[in-house]
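Engineer: Need a 3D model of the following:
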Amino acid sequence: MPPKAKEPAMPVVERGTSVAFNSAKHSWVLGVVDSYDPKSDTYMCSAKDPEPVTGKVKNTLEDVFAPRAEYLEEDVNDLLTLTELHEASLLFCLKRRYMRDVVYTNIGPIVVALNPFTFDIPWYKDEKMGDYLSEGTVIERNLPHSWAVAHNTYWEMREDKRNQTILISGESGAGKTEGAKIVVKYVGVLSTLHGTAEDKERCNVVNRKVIAASPILESFGNAKTVRNDNSSRF
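Structural biologist: Coordinates of the predicted model:
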């Protein structure tokens with residue numbers, strides 16, 4: 001049996017160096033190196049935010065990461081364009097965007113959606129849907145959104161003449177049901193964008209019926225989970 005490959009490690013850094021380290025309670029946090037033990041190849045690190053925390057971590061990239069200071073403030077629409085691609089840098093970017101009410105971020109063709117627990121974010125209200133509908137077959141000018149996924153998928157279906165599927169996944173309470181409603185509503189509007197008033201009204205009727213059926217289905221198939229008292233099974 002071949003020997004287990006050694007986990008990737010970063011070069012040893014000095015005491016006081018700013019690092020991100022994996023905390024058991026808070027996942028990745030920004031802090032500093034307090035000490036390094038060469039015998040065990042481990043660091044003692046500490047952080048002050050979100051609360052004072054210390055931790056002993058192995059010198060592997062899965063436990064400690066020394067990002068360059070100029071890259072810590074990066075805020076990108078697509079995580080693949082981050083200068084330093086690491087689990088910590090991804091999470092820090094998502095948190096930074098979430099704190100300024102930007103809850104959608106792309107990872108290539110995938111969109112990550114964080115539940116904002118509000119419907120009052122101006123750039124996500126239905127009044128902004130027209131900005132996405134007015135684009136061509138691929139969304140290029142607007143912010144990442146479930147609308148963008150629905151838009152691109154619809155036009156791929158039209159151009160390739162093949163069925164398409166949008167997969168919405170996430171843990172309990174993440175907002176999958178609401179995400180599905182957002183996609184269904186957008187596809188309904190997009191599919192009749194150039195139709196007659198009668199076509200649009202017929203589509204709106206179907207759209208309203210699909211959305212109205214959701215609470216009925218949920219009443220037969222909900223479950224309580226550790227994170228959600230009303231987790232949809234449909």
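
Engineer: Going by C-alpha atoms from here, please, whenever you check contacts or count neighbours.
Structural biologist: Fine.

Engineer: Show me which residues of the longest helix anywhere in the chain are buried.
Structural biologist: For the chain, the helix with the greatest residue count under DSSP state H is helix 197-221. For helix 197-221, a neighbour-count test (16 or more other Cα atoms under 10 Å) marks 200, 203, 204, 207, 211, 218 as buried.

Engineer: Make sure the second one is actually in contact with residue 192.
Structural biologist: Yes - Residue 203 is in contact with residue 192 according to Cα atoms under 8 Å; the separation is 7.2 Å.

Engineer: What are the boundaries of the helices in this protein?
Structural biologist: 87-99, 129-133, 146-160, 176-191, 197-221.

Engineer: tell me the angle the last one makes with helix 176-191.
Structural biologist: Relative orientation of helix 197-221 versus helix 176-191 (axes from the mean of the first three to the mean of the last three Cα atoms, to 10 degrees): 170 degrees.

Engineer: Determine the set of other helices and strands touching helix 197-221.
Structural biologist: On a contact count with 3 or more Cα pairs under 8 Å, 6 or more residues apart in numbering; DSSP states H and E, helix 197-221 meets helix 176-191.

Engineer: which parts of the helix it packs on are buried?
Structural biologist: 176-177, 179, 181-190.

Engineer: Could you give the average pLDDT over it?
Structural biologist: Averaging pLDDT along helix 176-191 yields 89.

Engineer: re the thing from before, ok, of the buried residues of helix 197-221, which one's closest to residue 8?
Structural biologist: Residue 8 has its nearest neighbour among the buried residues of helix 197-221 in residue 218, at 46.1 Å by Cα to Cα.

Engineer: hang on, the earlier thing: quick one: which of the buried residues of helix 176-191 is nearest to residue 44?
Structural biologist: Here the nearest of the buried residues of helix 176-191 to residue 44, counting by Cα to Cα, is residue 176; it sits at 39.1 Å.

Engineer: and residue 13, what does it touch?
Structural biologist: The contact partners of residue 13, by Cα atoms under 8 Å, 6 or more residues apart in numbering, come to residue 33.

Engineer: backbone phi and psi for it, please?
Structural biologist: Main-chain torsions, residue 13, degrees, to the nearest 10: phi -110, psi 160.

Engineer: Give me the pLDDT for it.
Structural biologist: Looking at residue 13, its pLDDT reads 88.

Engineer: quick one: it from residue 36, how far?
Structural biologist: For residue 13, the distance to residue 36 equals 8 Å [Cα to Cα, to the nearest Å].

Engineer: again, but for residue 91
Structural biologist: For residue 91, the distance to residue 36 - Cα to Cα - is 25 Å.

Engineer: These two: who's more crowded?
Structural biologist: Taking neighbours as other Cα atoms under 10 Å, residue 91 and residue 36 compare with residue 36 leading, 20 against 15.

Engineer: Can you give me the neighbour number for the residue nearest to the more buried one when sequence neighbours are not counted?
Structural biologist: Nearest non-adjacent residue to residue 36, counting by Cα to Cα, 6 or more residues apart in numbering: residue 43, 4.5 Å away. Residue 43 has 24 neighbouring residues, counting by other Cα under 10 Å.

Engineer: is residue 43 in a bridge, and if so with what?
Structural biologist: residue 36, residue 57 (DSSP bridges).

Engineer: which residues touch it?
Structural biologist: 33, 34, 35, 36, 37, 56, 57, 58, 59.

Engineer: can you tell me how far the third one sits from residue 17?
Structural biologist: So that's residue 35. Distance, residue 35 to residue 17, by Cα to Cα: 10 Å.

Engineer: neighbour count winner among these two?
Structural biologist: Neighbour count, other Cα under 10 Å: between residue 35 and residue 17, residue 35 has more, with 17 against 14.

Engineer: Alright, I will stop here.
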